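Novice: sharing a model prediction with you, sequence too.
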Amino acid sequence: MTTSTIPIKISTKAIAQEFLDKYDTFLFDCDGVLWLGSHLLPSVKETLNLLEESGKKVMFVTNNSTKSRAAYTKKFASFGIKATQEQIFTSGYAAAVYVRDFLQLTPGKDKVWVFGETGISEELKLMGIDSLGGADPRLLESFDPETSPFLKDGLDPAVTCVIAGLDTKISYHKLAMTLKYLQQDGVKFVGTNVDSTFPQKGHILPGAGSMVESIAFAAGKKPVYCGKPNQNMLNSIASVMDLDRSRTCMVGDRLNTDMRFGTEGNLGGTLLVLTGIETEERALQKSDEYPTPKYYAEKLGDVYELTH
Ligand SMILES: C[C@H](OP(=O)(O)O)C(=O)O
Ligand SMILES: [Mg+2]
């Protein structure tokens with residue numbers, strides 16, 4: 001899939017101002033755009049303040065399922081950035097919405113086995129859906145099928161779905177139990193996001209996709225992914241806010257998730273920043289796997305720095 005236009009680099013005041021004037025709503029990816037782990041990227045806070053002062057609407061759309069939306073408001077606050085839970089969409093929340101609304105799990109009856117962190121289980125809990133596994137510390141113990149606390153009374157028959165996402169405390173016990181549940185007839189398989197890698201300051205580390213696809217390979221089953229570029233996420237956002245797609249821009253650091261999400265969502269534009277996964281060379285090359293961005297920039301903060 002390609003777009004005919006050559007990406008425009010935001011490298012002058014005039015281009016930066018043209019970019020700002022073109023859109024009323026900005027959807028921001030988080031990892032690799034706003035921050036790298038605990039490291040806030042340059043002039044991000046100033047850029048977000050500029051957008052707020054200009055009356056622009058801002059949403060945060062992250063494929064990172066490790067934290068709940070509520071936990072993310074605390075991460076934003078730690079950087080001195082105001083963000084309400086309603087402005088934040090995570091792939092963990094998107095997966096919970098999917099199992100509630102599409103798979104129609106019955107709260108109080110159906111349960112979910114989670115491979116991943118609290119960002120998934122906390123969102124399920126808010127919907128009244130119980131989950132097993134996840135950050136349960138007993139899963140960090142070495143796995144023995146004879147003694148595992150998750151097997152001694154047999155598998156929980158109430159589990160009708162597995163949700164898998166990024167787990168920075170991965171263990172064989174977690175992999176084994178997730179596979180056991182996926183081997184049960186009728187258990188659905190949901191992935192939070194397909195990102196193969198995860199940007200940290202000075203490192204590109206294994207992402208959710210590398211773990212979910214490992215489980216999929218073992219189970220011989222393909223998950224339904226709920227994060228970007230899945231359009232259910234954008235449709236959820238559009239349903240809760242008055243979104244004029246033609247005046248909306250998706251800002252991200254990954255071509256095959258963020259830029260696809262924006263282009264396939266028929267948004268007015270996309271901005272690829274080079275502080276995460278991608279390079280200028282890849283931003284400019286045409287590919288069948290992902291669209292070229294409308295704009296690109298060395299970093300998001302250039303939008304502020306070039307106009308001030
Ligand atoms: C990298 C991705 O997060 P995002 O860039 O979508 O915030 C992820 O955590 O897998
Ligand atoms: Mg990112």
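Specialist: Thanks, I have it. Ligands and ions are numbered 1, 2, ... in the order given.

Novice: quick one: name the residues of the protein near ligand 2.
Specialist: Within the chain, the positions lying close to ligand 2 (CB under 5 Å from the ion) are 29, 31-32, 253, 276. All C-beta spots, glycine's among them, are computed from the backbone N, C-alpha and C.

Novice: who touches the lowest-mean-pLDDT helix or strand in the chain?
Specialist: Least confident helix or strand of the chain, by mean pLDDT, DSSP states H and E, is helix 231-240 with a mean of 90. Outside helix 231-240, the residues that touch it by CB atoms under 8 Å, 6 or more residues apart in numbering are 27, 59, 61, 86, 89, 91, 94, 97-98, 102, 226-227, 243, 245, 261, 264-265.

Novice: which of those residues fall in helices?
Specialist: Among the contacts of helix 231-240, the ones falling in helices (DSSP state H) are 91, 94, 97, 261, 264.

Novice: surely the fourth one meets residue 229?
Specialist: Put plainly, it is residue 261. Yes: in terms of CB atoms under 8 Å, residue 261 counts as a neighbour of residue 229; the distance is 4.2 Å.

Novice: for residue 37, what are its contacts?
Specialist: Contacts of residue 37 by CB under 8 Å, 6+ apart are 31, 200-201.

Novice: dihedrals phi and psi, residue 255?
Specialist: Backbone geometry at residue 255, expressed as degrees, to the nearest 10, gives phi -70, psi -40.

Novice: neighbours of it, just the number please.
Specialist: 22 (other CB atoms under 10 Å).

Novice: so where's the stretch 151-300 of the chain uncertain?
Specialist: For the stretch 151-300 of the chain, no stretch has pLDDT under 70.

Novice: residues from it in reach of ligand 1?
Specialist: 166, 193, 195, 198, 207-208 (CB under 6 Å from any ligand atom).

Novice: just the helices in the protein please.
Specialist: With DSSP H as the criterion, the chain has helices at 13-22, 44-53, 69-78, 91-97, 118-126, 172-182, 208-219, 231-240, 260-264, 280-284, 302-305.

Novice: just say which of those helices is most tucked in.
Specialist: Neighbour counts (mean count of other CB atoms under 10 Å) averaged over each of these peak at helix 91-97, with a mean of 29.

Novice: give me the contacts around it.
Specialist: For helix 91-97, contacts defined as CB under 8 Å, 6+ apart pick out 62-69, 116, 119-120, 122-124, 126-127, 129, 163, 165, 190-193, 208, 226-228, 230, 232-233, 236.

Novice: kindly recompute the last result at 7 Å.
Specialist: For helix 91-97, contacts defined as CB atoms under 7 Å, 6 or more residues apart in numbering pick out 62-65, 68-69, 119-120, 123-124, 127, 163, 165, 190, 192-193, 226-227, 232-233, 236.

Novice: what does stretch 139-150 give?
Specialist: Here stretch 139-150 has contacts from 133, 138, 151, 169, 171-174, 176-177, using CB under 7 Å, 6+ apart.

Novice: ok, which pair from the residues you listed is furthest apart?
Specialist: Spanning the widest gap among the contacts of stretch 139-150 are 151 and 169, at 20.0 Å by CB to CB.

Novice: ok, now which ones touch the residue most central in space within the chain?
Specialist: Nearest to the geometric centre of the chain sits residue 63, at 0.6 Å (CA atoms, centre = their mean). Shown in contact with residue 63 (CB under 7 Å, 6+ apart): 91, 193, 195, 227-228, 257.

Novice: now residue 264
Specialist: Counting by CB under 7 Å, 6+ apart, residue 264 has contacts 229, 231.

Novice: from ligand 1, how far off is it?
Specialist: 16 Å (CB to the nearest ligand atom, to the nearest Å).

Novice: what sits closest to the closest residue to ligand 1 within the stretch 151-300 of the chain if chain neighbours are left out?
Specialist: For the stretch 151-300 of the chain, the residue closest to ligand 1 is residue 195, as judged by CB to the nearest ligand atom, at 3.7 Å. Nearest non-adjacent residue to residue 195, counting by CB to CB, 6 or more residues apart in numbering: residue 207, 3.9 Å away.

Novice: the one you found: how many residues sit nearby?
Specialist: 23.

Novice: can I assume it is in contact with residue 166?
Specialist: Yes: in this structure, residue 207 is within contact of residue 166 by CB atoms under 7 Å, at 6.4 Å.
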